[in-house]
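1. structure here, sequence nowhere to be found:
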């Protein structure tokens, strides 16, 4: 990590590893804010976009464990307005494994719109399906968070940020390090994101006919400026989260096992959650795609690993074969995952 920072490949980095419920790595390097020189510490939260989908899925599994809904529960049974335009057969499973057929927010959405919970969930309730649920898979970049979040809200009567604090982060002792909606009073603790040199001036070279351009406006394409906006940080957007590496690694450790007396889901449910639920060519990005229930499979090539990568280059997940849960968070926004891949390879060498 020190070498990555000293070479200029990274600005600030956190790495956390749990092994069979015990934290064995809690490492930091570099600065949280290069303008002020504020150093990264173990409790510094980072906004690393879609690694938060794993947190969102975990909240859903905790509620399913308690019997508030099942994976084959129809979303419209919890959220009646959602049945409009033929969506009555979409299930919780379809939402979690990205096969629901609702990958897009309205293409005229603004950043302010995506910060408005009621506006976005109303738009999804009134949306039409892109495909028959369960027949195709396509990454639900923003909509995953609103869909799961509204399922949680309808089942509990509480916003998903509150449920996260009460049912997951609170019991694990990390409620001040992992957030969906981060209060303005806490945002000064965040690491400040910076784009890798040239990224802002040279947007990614993507095909013009890529379906992702129909799934939302370019103003929502992740970058450092978007991730530093106070309104984005304060909004309930559970397609991503603000977290330290040790907090999200602790969560994954409590998904696959027990951490200080806390186990979030049973071994029986873990087997259901981890099993392949959807796979195929992603309808939005065109890449091969394999999903369990809310978690992607095999980021670094292991069939026993699951988790979520985040735009900007961070990753968090767990491996059921060796009892390892881990996270890499960083604040240099890169298009690739070179640093995370290098660090995870080292983790595998030590604990695999």
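-> Now that the structure is in, tell me what you want to look at. What you see is a predicted model, and the numbers here were worked out from it, not measured in a lab. Residues are numbered from 1 along each chain as shown.
2. partners of the longest strand along the chain in the sheet?
-> In the chain, taking DSSP state E as the definition, the longest strand is strand 22-33. Using DSSP bridges, the strands paired with strand 22-33 are strand 12-19 (antiparallel), strand 38-39 (antiparallel).
3. quick check, distance from that strand to the centre of its chain.
-> 20 Å (CA atoms, centre = their mean, to the nearest Å).
4. which of the strands paired with strand 22-33 sits closest to residue 286?
-> strand 12-19 (30.4 Å; CB to CB). (Each C-beta comes from the backbone N, C-alpha and C, glycine too.)
5. return the set of buried residues in the closest one.
-> 12, 13, 14, 15, 16, 17, 18, 19 (16 or more other CB atoms under 10 Å).
6. list just the nearest of these to residue 65.
-> The closest of these, once distances to residue 65 are taken by CB to CB, is residue 18, at 20.3 Å.
7. wait, that closest one sits on residue 319?
-> No: with contact defined as CB atoms under 8 Å, residue 18 does not count as touching residue 319 (10.9 Å).
8. joint contacts of these two?
-> By CB atoms under 8 Å, 6 or more residues apart in numbering, residue 18 and residue 319 have these common neighbours: residue 325.
9. okay, the strands paired with strand 22-33 in a markdown table with distance to residue 256 and mean pLDDT next?
-> Shown next, in a markdown table, are the strands paired with strand 22-33 (distance: least, CB to CB, whole Å; pLDDT from 0 to 100):
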| stretch | distance to residue 256 | mean pLDDT |
| --- | --- | --- |
| strand 12-19 | 9 | 98 |
| strand 38-39 | 31 | 98 |
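10. with respect to residue 254, which of those lies nearest?
-> For those, the distance to residue 254 is smallest for strand 12-19, at 8.7 Å, taking CB to CB.
11. report the secondary structure state of residue 254.
-> helix (DSSP: H, G, I helix; E, B strand; the rest coil).
12. brain fart, residue 35
-> Secondary structure for residue 35, judged by three-state DSSP, is coil.
13. correct me, but it touches residue 194?
-> No: the pair residue 35 / residue 194 is not scored as a contact, 9.3 Å apart, by CB under 8 Å.
14. between those two, which has more neighbouring residues?
-> Neighbour count, other CB atoms under 10 Å: between residue 35 and residue 194, residue 194 has more, with 21 against 8.
15. which positions in stretch 171-185 come out as buried?
-> For stretch 171-185, by 16+ other CB under 10 Å, it's 171, 172, 174, 177, 178, 179, 180, 181, 182.
16. so which of those residues comes closest to residue 255?
-> Distances from residue 255 to the buried residues of stretch 171-185, taken by CB to CB, are shortest for residue 172, at 10.5 Å.
17. thought residue 258 was touching that closest one, still the case?
-> No: between residue 172 and residue 258 there is no contact under CB under 8 Å: 11.1 Å.
18. hmm, back to that, wait, which of the strands paired with strand 22-33 is closest to residue 349?
-> Closest to residue 349 of these, according to CB to CB: strand 12-19, at 12.1 Å.
19. quick one: low-confidence residue ranges for the stretch 51-200 of the chain.
-> 200 (pLDDT under 70).
20. swap in 90 and give it another go.
-> Within the stretch 51-200 of the chain, the ranges that satisfy pLDDT under 90 run 197-200.
21. which stretches in it count as helices?
-> Secondary structure of the stretch 51-200 of the chain (DSSP state H, counting those that start in this stretch): helices at 52-65, 75-78, 92-96, 111-114, 117-125, 143-156, 160-163.
22. what is the burial count for residue 66?
-> With other CB under 10 Å as criterion, residue 66 counts 11.
23. with the one 5 residues further on instead?
-> Residue 71 has 20 neighbours, counted by other CB under 10 Å.
24. do you know how far the nearest residue to it once chain neighbours are set aside is from residue 15?
-> Using CB to CB, 6 or more residues apart in numbering and skipping residues adjacent in sequence, the residue nearest residue 71 is residue 93, 4.1 Å away. As judged by CB to CB, to the nearest Å, residue 93 and residue 15 stand 33 Å apart.
25. try residue 51
-> Residue 51 sits 13 Å away from residue 15 when distances are taken as CB to CB.
26. check the gap between residue 177 and residue 213 for me.
-> The value you get for residue 177 to residue 213, if CB to CB is used, is 35 Å.
27. next: residue 233.
-> 26 Å.
28. neighbour-wise, which of these two wins?
-> Per other CB under 10 Å, whichever of residue 233 and residue 213 has more neighbours is residue 233, with 21 against 16.
29. wait, that one touches residue 47, no?
-> Yes: the pair residue 233 / residue 47 is scored as a contact, 6.5 Å apart, by CB under 8 Å.
30. what touches both of these two?
-> With contacts defined as CB under 8 Å, 6+ apart, the residues shared by residue 233 and residue 47 are 190, 227, 242.
31. can you tell me which of these are in strands?
-> residue 242.
32. which one of the shared contacts of residue 233 and residue 47 is nearest residue 198?
-> Nearest to residue 198 among the shared contacts of residue 233 and residue 47 is residue 227, at 17.8 Å by CB to CB.
33. about what we covered before: distance to residue 218 and mean neighbour count added to the helices of the stretch 51-200 of the chain, as CSV?
-> As requested, the helices of the stretch 51-200 of the chain are exported to CSV (distance: least, CB to CB, whole Å; neighbours: other CB atoms under 10 Å):
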stretch, distance to residue 218, mean neighbour count
helix 52-65, 21, 24
helix 75-78, 29, 19
helix 92-96, 25, 26
helix 111-114, 11, 16
helix 117-125, 18, 18
helix 143-156, 17, 24
helix 160-163, 27, 22
